[in-house]
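Novice: no FASTA, just this:
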């Protein structure tokens, strides 16, 4: 692509892929929610109350006191071995540390997998809707992204089987999905594994929220059921801190070395200081003590949001789900109400959300919206959902 | 590409680009130098003596004490504004903070630029030899990499002019180049800027070592001379710590937003905790006090290596340069001696280096080797170069 008229004085010829990198719509929408005084259900920002600040501070000090020469030096691309070993112990299936690659959050794992598996025009399958950030990661590799339909219970497996031939992989978020908050049940997981094994369709399983369940843990990951067929992504963003950018990618041994080569070319390695700090924080079972507090906090906020939705939006023709964990719930507005059109009005009333449309690879549902229940406090949730209800009533009254 | 026979049970079809991602040769060579007791001139590891451990520890504590909620949260893709502002003040030409993107070391800047500018088959120009990590970053985008020849004074500008038509950019390291340690003089910079402006050939200027000069600063960067035609990469790896993975990319306004989109898709943002820590460390002119110590340390080690080379390799038919800064010097072995073949013998004698061949996009010089003078102490340099001389004499005696 050539740059536009106002930039013709420049010599830059951009790669063809840049035609697909136009996310400005959603960026502009989200900037609305940055206005002071707006209660935002838009971002997926974990509650700062969930950050173990004291433990992180102590770990930083200890790492620098004990071994600054290594903690501040270049390090291996694969990642800090004790951290990779700790990751293997967090997983409910047998994994060798050589299969674990430490990444800059799980977003970078998406980038590496996309580079490894996508040629221009490659078909890949995603849920409908799916995580917007994954669509953004895949886009530069110029794939043909095909959305798999839903039935009442989640992924429509017959549609998946129809679309599987020739696809490089199916990207799936089984636990408390972003954006819908839905969880794939045990029976569907079993059937999905059987069908994809039969079809020779690899899976890319994204599980950033799996530990943040409210009443009972979700069923075991897909990767635990057929490890050679699944790339599995996890993250410390929701259980420790997103600002330290620590995630991981677990791969079948057949492709682990390829991912290390891609990581090396991308940024040599993730910050070893951060890796050592995380390894220090989580040793001795810290997450077993810390994560239950996050679960309780977010469960209370989910309950507050559900109660507020019932109180403020009940009877207006909207519907929503009750997530069993994670950070998001999914609202369907009354017929004729477009979430993108509603947003500026909601912001005028002091509340923000994300319209659902950008999460669809195709055939967006204009009535859908995503609400995060983790960033705002219970009091803010009450105020914000009341403002959302008022906005909706204004629109319906016209 | 399909995986090989031993992996046929897997369903993975890899992208075509993976055929180009075979760096195992250099990785295997470098593993040799990991053996205990080996004095290594191979890696580009800054001296741990140059790490400001106390200042980093104090900054970590302060950042977490003052504003942990922000330091551990998701943050903007562009990077921490006070850090971007600090970067603009480090540069000798007018730059707006909106032109600065914080990256995971400058290696990630290479990855982002490659994504922005390279289509499969795009021609791009590099020096001969050039930084191996850049070749690795460009490879996944499937370019046609064309090496520009050298004359006595560095880049052969006539060859550059001949090869410029149709090239997406010329990647150049003007200061204390990796691998050769050479610096481009003032006259050549002026002429290079004139020729590339005329040809409409963009430049990608990589300057990780520019602050680490020994007697006098190098001439001003290419970007300072024609900012709209140059993407400029810098790093905190050599002046603070490589293990925190902090670099930056300065771009002409015409393409800054495109790079932010690519960064967002790659890993959302660089660790904000690390960014705030670096901003805290470098405020109040810390680098003005700290970097002179690094210069003095590395100059003494360069001098020790030059003296040892003269003492141990003098008269054997080898030649080498005297770098004015940076981390590396470049040795040409006597005629008939292959650096890759010499390496295992040198390791047997307790010393390691990197053969020069992998740094060439084409037509490698088998007699070239790269020596780092920054990791080993003066005493280790004396011992290691003596071992290298002994190895060379053994080989020549056969």
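Specialist: Done, it's in. Treat the numbers as computed from the prediction; the structure is a model and nothing was measured.
Novice: domain-wise, how is chain A divided?
Specialist: As recorded under automatic domain parsing, the domains making up chain A are A:5-51+A:289-397, A:67-286.
Novice: and the ones you listed, which one is worst for confidence?
Specialist: Mean pLDDT per stretch puts domain A:5-51+A:289-397 lowest among those, at a mean of 91.
Novice: that domain close to chain B?
Specialist: Yes: Domain A:5-51+A:289-397 reaches chain B (CB under 8 Å from any CB of the partner chain) through A:7, A:9-18, A:21-23, A:43-46, A:48, A:51. In short, each C-beta sits where N, CA and C put it, glycine included.
Novice: mark which of those residues are buried, thanks.
Specialist: Using 16 or more other CB atoms under 10 Å in any protein chain shown as the burial test, those include A:10-15, A:17-18, A:21, A:23, A:43-44, A:46, A:48, A:51 as buried.
Novice: ok, back up a step: most packed of the domains of chain A?
Specialist: Stretch with highest mean neighbour count among the domains of chain A: domain A:67-286 (a mean of 21; mean count of other CB atoms under 10 Å in any protein chain shown).
Novice: straight-line length of that one, end to end?
Specialist: 22 Å (CA to CA, to the nearest Å).
Novice: one more: stretch A:316-334?
Specialist: 7 Å.
Novice: just how off-centre is it within its chain?
Specialist: Taking CA atoms, centre = their mean, to the nearest Å, one finds stretch A:316-334 lying 17 Å from the centre of the chain it belongs to.
Novice: would you mind naming what in the stretch 101-250 of chain A lies close to chain B?
Specialist: Within the stretch 101-250 of chain A, the positions near chain B by CB under 8 Å from any CB are A:103-105, A:107-108, A:111, A:115-120, A:122, A:133, A:136-137, A:139-141, A:168, A:200-202, A:228-229, A:237, A:241-245.
Novice: again, only this time at 6 Å
Specialist: A:104-105, A:107-108, A:111, A:115-119, A:136-137, A:140, A:200, A:202, A:228-229, A:241-245 (CB under 6 Å from any CB of the partner chain).
Novice: packing partners for the longest helix seen in chain A?
Specialist: Assignment by DSSP state H gives helix A:286-313 as the longest helix of chain A. Other helices and strands packing on helix A:286-313, by 3 or more CB pairs under 6 Å, 6 or more residues apart in numbering or on different chains; DSSP states H and E, are helix A:378-397.
Novice: and the helix it packs on, what does it pack onto?
Specialist: Against helix A:378-397 (3+ CB pairs under 6 Å, 6+ apart) you get helix A:286-313, helix A:339-348, strand A:351-352.
Novice: so how far is chain B from residue A:80?
Specialist: 10 Å (CB to the nearest CB, to the nearest Å).
Novice: tell me the contacts of that residue?
Specialist: Residues in contact with residue A:80 (CB atoms under 6 Å, 6 or more residues apart in numbering or on different chains) are A:275, A:276, A:279.
Novice: in three-state terms, label the last one for me.
Specialist: Right, the one you point to is residue A:279. Secondary structure, DSSP: H, G, I helix; E, B strand; the rest coil: residue A:279 is helix.
Novice: same question, the first one
Specialist: Classification of residue A:275 by three-state DSSP places it in helix.
Novice: mind putting the domains of chain A into a markdown table with distance to residue B:61?
Specialist: Output for the domains of chain A, formatted as a markdown table (distance: least, CB to CB, whole Å):
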| stretch | distance to residue B:61 |
| --- | --- |
| domain A:5-51+A:289-397 | 15 |
| domain A:67-286 | 13 |
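Novice: which of the ones you listed sits closest to residue B:92?
Specialist: domain A:5-51+A:289-397 (21.8 Å; CB to CB).
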